[in-house]
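K.L.:
Return atomic coordinates for the entry below.
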Amino acid sequence: MKRDKKKAVIEKNGRHAKDTGSPEVQVAVLTERITELTVHLETHPKDNHSKTGLLKLVGRRRKLLDFLKKKDKKSYEDLIGKLNIRK
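P.N.:
Got it, this is the predicted structure:
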C-alpha cells in the first residue's frame, strides 16, 4: 500500500490526527490491504503465497473486530458500516 493512501485511510478512520494504533485504524488499514490482495488474486489465482497472507490478514482483522466489539459496541457497528464489512 502506498504511503499517501495509507495516510488517507488513517486520517479518515483515526480518533485524532496522529492516531495509528487504535483498533479502528488498524482494521481500516487491514481492510485496504485485504482489498488489494483480493484484486491481485483475481488476476493471479495460483499465487498461493499471497493467498496465505490474505488469510492471515483476515484472521488478524477478525481478532481486532472481536476485541472492538467487546470493548465498544457502538464504535464496532460504526466501523463495520463505514468499511462495508459484512458480519
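K.L.:
use CA for all of it now, contacts and neighbours both
P.N.:
Fine.
K.L.:
Burial check on residue 28, number of neighbours?
P.N.:
If you count neighbours by other C-alpha atoms under 10 Å, residue 28 ends up with 22.
K.L.:
list the buried ones in stretch 20-27?
P.N.:
Neighbour counts over stretch 20-27 (16 or more other C-alpha atoms under 10 Å) mark 20, 23-27 as buried.
K.L.:
List the buried residues for the helix-or-strand element of the chain with minimal mean pLDDT?
P.N.:
Ranked by mean pLDDT, DSSP states H and E, the weakest helix or strand in the chain is helix 3-13, scoring a mean of 91. Going by neighbour count (16+ other C-alpha under 10 Å), the buried part of helix 3-13 is 6, 9-11, 13.
K.L.:
could you dump those to CSV with distance to residue 68?
P.N.:
Formatted as CSV, those follow (distance: C-alpha to C-alpha, whole Å):
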residue, distance to residue 68
6, 21
9, 18
10, 17
11, 19
13, 14
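K.L.:
from those residues, which two are the most distant?
P.N.:
Checked with C-alpha to C-alpha, these reach their widest spread between 6 and 13, with 10.7 Å between them.
K.L.:
could you pull out the helices for the protein?
P.N.:
Secondary structure of the chain (DSSP state H): helices at 3-13, 23-43, 48-71, 73-83.
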